[in-house]
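> When you get a sec, could you give me coordinates for this:
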Amino acid sequence: MLTALRRARRSLPLGLRSDAVELLDGDSLSRAEIERNLVDLARLSLLPGGAGASVAGVRRLVGRRHDVRILDAGAGRGDLPIAFARHGWTTVAVDRHPEVLRVARRETAAEPRVEVVDADVRTLPFADHSFDVSHTSLLIHHLDPPGVVAALRELRRVARHGVVINDLRRGILPLVATALSVTALGGSHVTRNDAVVSARRAYTLDELDVLIGAAGLSVAWRSPPWMPRVVTAATATATGGA
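Model prediction:
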C-alpha cells in the first residue's frame, strides 16, 4: 500500500491529463514482452469493472437477446470477445498492432463466434449499422481528444443500438487502486509501467462526457462512477453529431 501511494504521489498532479506514451504504444517491445503484457491485461479484466461490467453495459442496450453482433475495438488477447461469445454473441474484434492481432487470432481461433480484423477504430471498414453494439475496453485513454471523438463517431456509425465504453477514470483513488492491482496481478514490467501511465492518461468522467457529446452520443447508463474502471453505455443523440 505504501509503495502504491508513493507511486501515486510521484505521478501527481492529476488535474491535467498526461501525454506520456505507454510502452505498448511504442516499437521497442519484444514479442515475449507483448505476450506477457496481454496475459496480465486479460487477468486484470477478471476484476470488478472488467469483462463483467462490459457485458452489463451491452445488456443495457440489447436486453436479454442472444442474436447480438458486436464490434470490439482494441482486440487485446481476445478475452472480451470470448466473454461475449459465452453469452451467444458474435464479435468482430479490430486492432492495428501486428503482434496484438497475432495473439488475438491465436487465442480466438477455436471460437467460431469471434473474428479478428486489422482495422483502425477511427476509420472502420464497415457499413453503417453493421453491428448491434460497438464496444471498446481500455482503448480510449490511448487516444488524444480529437482521436476519441473520431473513434466514437465511427463506433456510433456502425452500431444500431449504441456504444459501450470501458475505461479507466483519472483521479488519485483510481491511480492508487490501479497501482495496487498491477502490483498484485501484473507479472510484466510493461504492465506495471503502462498501468500507471494509463491511469494518468485516462479521462475524468466529465471530460469523457464532453467527448461523448461531441461524437453525437449521450450517456444512457453508467456503472458505479467511484470504481477505477467505469463502463458507459451511450446512444446516438437526435442529431447524431457532426
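
> so the spatially most central residue of the chain bridges to which residues?
Nearest residue to the geometric centre of the chain (Cα atoms, centre = their mean): S137, 1.6 Å. S137 has these beta-bridge partners by DSSP bridges: N166.

> which residues touch it?
45, 50, 54, 72, 74, 76, 80, 166-167 (Cβ atoms under 8 Å, 6 or more residues apart in numbering). Quick note: C-beta positions are derived from backbone N, CA and C, even for glycine.

> Out of these, list just those in strands.
72, 166-167 (DSSP state E).

> Ranking by neighbours, what's the top pick from those residues?
Taking other Cβ atoms under 10 Å as the neighbour criterion, D72 ranks highest of those with 28 neighbours.

> which residue packs closest to it, ignoring adjacent ones?
Leaving aside its chain neighbours, D72 sits nearest to A93 (4.3 Å; criterion: Cβ to Cβ, 6 or more residues apart in numbering).

> Could you look up the SS state of that neighbour?
strand (DSSP: H, G, I helix; E, B strand; the rest coil).

> Low-confidence regions, this structure specifically.
The chain contains residues with pLDDT under 70 at 1-14, 239-242.

> Can you show me the strands along it?
69-73, 90-95, 114-118, 131-137, 159-168, 217-222, 229-236.

> Reformat these as a markdown table; add distance to D144.
Listed next are those as a markdown table, based on distance: least, Cβ to Cβ, whole Å:
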| stretch | distance to D144 |
| --- | --- |
| strand 69-73 | 16 |
| strand 90-95 | 18 |
| strand 114-118 | 22 |
| strand 131-137 | 15 |
| strand 159-168 | 14 |
| strand 217-222 | 18 |
| strand 229-236 | 19 |
